[in-house]
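A.B. asks: mind looking at a prediction? Sequence and model below.
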Amino acid sequence: METIPAKHLLHRSRSTEWFGTDHTMNLYRGCCHGCLYCDSRSDCYQNEAFDQVRAKADALRILRDDLARKVRPAFICTGSMSDPYNPFEEELLLTRHALELVDAYHCGVAIATKSDLIVRDTDILASIQALSPVICKLTVTTPDDALAAKLEPRAPAPSRRLAALEKLSGAGLFAGVLLMPVLPFLEDSGENVLAVVECAASAGARFIYPAFGVTMRQGQREYFLDGLERAFPGQGLKERYLRRYGDRYQCASPQAGELWKIFTAACREQGILYDMKSIIRAATLGYGDRQLTFFD
């Protein structure tokens, strides 16, 4: 695999609003899942070879040095710009060894992924969670494998992710679902949202965090809309998006208000957390003064 240089692996977050994390970590650059809607494809991130996965050179040594410099343990988010469990990870083990370092330095971790490979590292995640917060976030925007195959053509099917969620939850890990994006005109029906909640609840999800809409900006917008035309020919989806949203960045579903009502009622019925503050509280409960630090 091609590698790219890196000076640091840990970068301080501007706030702890996103799942309480105070640092980000990306061991890889780029993603091979091919999701039509991925915001990380946007021009502002200056990654022209986005579909090519490249590893950060000497990543584990750099991460070790970054962790050693921390005055207090970090709470690290990974999966924001590339999936830490891309197919190359199965052989390279960068994420697994990075988690071993996270554990050794008593840091917490919040992982976002579309891959069931995360189950491989259940042992290390459980070890981390014994002393520090762990949040496992699996993206599921529809339980329909056939629909997902058009939107996320090279990612593991939602059924595999839900099976992984069940294993993580069964191992006592704090795990749940990212229900985002919920694509207008394709996934924004009450039936789809309820199906995700029901499947997540059956898999033991502690939380579901939603976004009823999609983002579009330069670079990513063109890829997304052209991809919709190829995946759903003759349905006029590109024209519908352009007519309704133009060049807007935040593109909420026309049904967002109603979907929120349906979603929250279903989550309350199932006992699933869905607002960020409650998720952070639950994930950091029992970790002493770190609980308040992550929540503030």
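C.D. replies: Alright, I've got the coordinates. Please read these numbers as outputs of a predicted model, since none were measured by experiment. Residues are numbered from 1 along each chain as shown.

A.B. asks: now the residue lying closest to residue 7 once chain neighbours are set aside: how far from residue 8?
C.D. replies: Of all residues not flanking residue 7 in the chain, residue 62 sits nearest, at 7.5 Å (CB to CB, 6 or more residues apart in numbering). (Glycine included, C-beta is placed from N, CA and C.) Counting by CB to CB, to the nearest Å, the separation of residue 62 from residue 8 is 6 Å.

A.B. asks: and these two? which has more neighbours close in?
C.D. replies: residue 62 (18 against 13; other CB atoms under 10 Å).

A.B. asks: I figured residue 73 hits residue 108, correct?
C.D. replies: Yes. Using CB atoms under 8 Å, residue 73 is in contact with residue 108, at 7.0 Å.

A.B. asks: give me the more crowded residue out of these two.
C.D. replies: Per other CB under 10 Å, whichever of residue 73 and residue 108 has more neighbours is residue 108, with 26 against 19.

A.B. asks: what sits against residue 130?
C.D. replies: Shown in contact with residue 130 (CB atoms under 8 Å, 6 or more residues apart in numbering): no residues.

A.B. asks: so which helix or strand takes in the residue nearest to residue 7?
C.D. replies: helix 59-68 (DSSP states H and E).

A.B. asks: so for that helix, mean pLDDT?
C.D. replies: For helix 59-68, mean pLDDT rounds to 97.

A.B. asks: packing partners of it?
C.D. replies: The elements that helix 59-68 packs onto, with contact taken as 3 or more CB pairs under 8 Å, 6 or more residues apart in numbering; DSSP states H and E, are strand 10-12, helix 94-104.

A.B. asks: surely residue 133 meets residue 75?
C.D. replies: Yes. Contact criterion CB under 8 Å: residue 133 and residue 75 qualify, at 6.1 Å.

A.B. asks: quick one, longest helix in the protein?
C.D. replies: Looking across the chain with DSSP state H, the single longest helix is helix 256-270.

A.B. asks: after it, which helix or strand is next?
C.D. replies: Helix 256-270 is succeeded, C-terminally, by helix 276-284 (DSSP H and E).

A.B. asks: distance from that following helix to the middle of the chain?
C.D. replies: 16 Å (CA atoms, centre = their mean, to the nearest Å).

A.B. asks: re the thing from before, run the chain-centre distance for the longest helix of the chain.
C.D. replies: For helix 256-270, the distance to the chain centre is 21 Å (CA atoms, centre = their mean).

A.B. asks: got a list of contacts for it?
C.D. replies: 179, 182, 188, 190, 193-194, 197-198, 201, 208, 210, 212-213, 253, 273-274.

A.B. asks: tell me which residues in it are buried?
C.D. replies: For helix 256-270, the neighbour count (16 or more other CB atoms under 10 Å) marks 259, 262-263, 266-267 as buried.

A.B. asks: now the strands for the chain?
C.D. replies: 3-4, 10-12, 23-25, 28-29, 54-56, 75-78, 108-113, 134-139, 175-179, 207-210, 213-215, 250-252 (DSSP state E).

A.B. asks: weakest of those in terms of mean pLDDT?
C.D. replies: Mean pLDDT is lowest for strand 3-4 among those, at a mean of 92.

A.B. asks: what does that strand contact?
C.D. replies: 29, 54-57.

A.B. asks: so among those residues, which ones count as buried?
C.D. replies: So, by 16+ other CB under 10 Å, the buried ones in these are 29, 54-56.

A.B. asks: can you give me the pLDDT of residue 290?
C.D. replies: 58.

A.B. asks: which residues touch the nearest residue to residue 206 once chain neighbours are set aside?
C.D. replies: Of all residues not flanking residue 206 in the chain, residue 176 sits nearest, at 5.0 Å (CB to CB, 6+ apart). Counting by CB under 8 Å, 6+ apart, residue 176 makes contact with 135-138, 165, 200, 205-209, 272-273, 279.

A.B. asks: with residue 168 instead?
C.D. replies: Counted by CB under 8 Å, 6+ apart, residue 168 has contacts 118-119, 122, 125, 136, 175.

A.B. asks: using a markdown table, lay out those residues together with neighbour count and distance to residue 13.
C.D. replies: Output for the contacts of residue 168, formatted as a markdown table (neighbours: other CB atoms under 10 Å; distance: CB to CB, whole Å):
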| residue | neighbour count | distance to residue 13 |
| --- | --- | --- |
| 118 | 28 | 22 |
| 119 | 19 | 27 |
| 122 | 17 | 26 |
| 125 | 26 | 21 |
| 136 | 27 | 19 |
| 175 | 27 | 21 |
